[in-house]
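Asks: Build me a structure from this.
(one chain, ligands or ions: 1)
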Amino acid sequence: MRLAVFALLLSVLVLSRPLDARVDIDIADIDIEDVEIRRLHDELGIPSDYAEQSGLPAQDPPLSLVSVGEDMYGREQRLTPQAADAWRRMQSAATRDGVSLLLVSAFRPPAYQASLLRRKLDRGESIAEALQAVAAPGHSEHQSGRAIDVSCAGCAVLEVEFERTETFQWLMQNAQIFGFSLSYPRGNPHGIMYEPWHWCYAPEDAP
Ligand SMILES: [Zn+2]
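Replies: Prediction:
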């Protein structure tokens, strides 16, 4: 079921070029971005104390984004120049070790983040339930251009069972060398479900 929903989401994303173009204009103007995020929060019914309760910081829009080529579904993905360089080096290192490491998702603008939540609400989830799986617009690390969702050839996509793959074990041993950290381990303080597939480039946070 989740796979079917994800496939549907992907098809929506592929068809959403105009959405991306609009956000590219927004990220050039932080004030417009703030207004847009407030509007999305109101529309989705996100509690006004969300930032305080989740402890998820507001993510600054990226100053620039570069292509990292296509993800495992053939969609072009973008990251900040630094994160893109780190991702390429990490993927090459995995390949050299004989480990498949594929991109599922990278930069996501706030409007796309909102569409992920809206889809959950449309399926009958409460906003509290939906926010356990999807961060609110403005607070997703994907909005920063530094976060990646990954998988591997023949592996589960955006499923907890990804943790049982060789690729996940490789990441646990090597990702920090490249500045990537697992953002949402089990029992994380943000109330976000365990996401073994979600890694964020934040070299200053690496141990
Ligand atoms: Zn993610």
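Asks: element containing V104, please.
Replies: strand 102-105 (DSSP states H and E).
Asks: Which strands and helices lie in contact with that strand?
Replies: Secondary-structure packing of strand 102-105 (3 or more CB pairs under 8 Å, 6 or more residues apart in numbering; DSSP states H and E): strand 147-151. Placement of C-beta: from N, CA and C, glycine included.
Asks: Check which residues of the strand it packs on are buried.
Replies: Going by neighbour count (16 or more other CB atoms under 10 Å), the buried part of strand 147-151 is 147-151.
Asks: which of the residues you listed lies closest to S100?
Replies: Checking those against S100 by CB to CB gives S151 as the nearest, at 8.6 Å.
Asks: For the closest one, which non-adjacent residue is closest in space?
Replies: V157 (4.7 Å; CB to CB, 6 or more residues apart in numbering).
Asks: isn't the one you found right next to V104, touching?
Replies: Yes - assessed by CB atoms under 8 Å, V157 is found in contact with V104 at 5.8 Å.
Asks: who's in contact with G74?
Replies: By CB atoms under 8 Å, 6 or more residues apart in numbering, the contact set of G74 is empty.
Asks: mind checking how far it is from the ion?
Replies: In this view, G74 and the ion are 19 Å apart by CB to the ion, to the nearest Å.
Asks: before we move on, which element is S115 in?
Replies: S115 belongs to helix 110-122 when assigned by DSSP H and E.
Asks: List the buried residues in that helix.
Replies: Buried, per 16+ other CB under 10 Å, within helix 110-122: 110-117, 119-120.
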